[in-house]
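Participant: fold the following.
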Amino acid sequence: MISDSCSATTLFEELTVENIFAFGSSSRDELSYSHGRDSLLRMSKTDKFSYLNYNFLNYDFFLNKDFKVSDLMKKYSFKEL
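Facilitator: A predicted model of the protein is given here:
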């Protein structure tokens with residue numbers, strides 16, 4: 001389960017299901033940061049967290065079926081997010 005919004009991980013606070021990986025772009029009272037901007041609409045195109053996950057799933061994961069969730073976690077860095 002992936003959530004990308006301000007205070008994203010709060011969506012998982014009541015989650016009691018076993019064997020579920022929950023990823024959030026920000027903790028309680030934290031912001032989610034934008035990636036790219038549409039000059040016509042004058043708003044952000046996507047959040048950095050979504051952009052990073054999209055690229056991982058569309059390139060790394062589909063090109064190498066041996067990738068695991070732990071490989072996705074290695075993609076996250078403070079600098080990129």
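
Participant: drop to CA atoms for contacts and neighbour counts, all remaining ones
Facilitator: Noted.

Participant: could you list the low-confidence segments of this protein?
Facilitator: The chain contains residues with pLDDT under 70 at 1-2, 4-5, 31-34, 77-81.

Participant: which residue would you name as the spatial centre of it?
Facilitator: The chain has Phe49 as the residue nearest its centroid, 3.5 Å off, counting by C-alpha atoms, centre = their mean.

Participant: mind checking how far the helix or strand containing that residue is from the chain centre?
Facilitator: Take DSSP states H and E as the rule and Phe49 turns out to sit in helix 48-55. Remark: helix 48-55 is offset 6 Å from the chain centroid, using C-alpha atoms, centre = their mean, to the nearest Å.

Participant: which of the residues in stretch 60-78 are buried?
Facilitator: Asp60, Phe61 (16 or more other C-alpha atoms under 10 Å).

Participant: hmm, who's touching that stretch?
Facilitator: Here stretch 60-78 makes contact (C-alpha atoms under 8 Å, 6 or more residues apart in numbering) with Leu52, Asn53, Phe56.

Participant: which ones are touching the first one?
Facilitator: Taking C-alpha under 8 Å, 6+ apart as the definition of contact, the neighbours of Leu52 are Lys75.

Participant: same check, this time on the last one
Facilitator: Phe56 makes contacts with Leu72, as judged by C-alpha under 8 Å, 6+ apart.

Participant: which residue is most remote from the mean position of this protein?
Facilitator: Most remote from the centre of the chain, using C-alpha atoms, centre = their mean: Leu40, at 25.3 Å.

Participant: how close does that residue get to Thr46?
Facilitator: Leu40 is 15 Å from Thr46, where distance means C-alpha to C-alpha, to the nearest Å.

Participant: before we move on, what about Ile20?
Facilitator: Applying C-alpha to C-alpha to Ile20 and Thr46 gives a distance of 25 Å.

Participant: then His35?
Facilitator: The spacing between His35 and Thr46, counted by C-alpha to C-alpha, is 5 Å.
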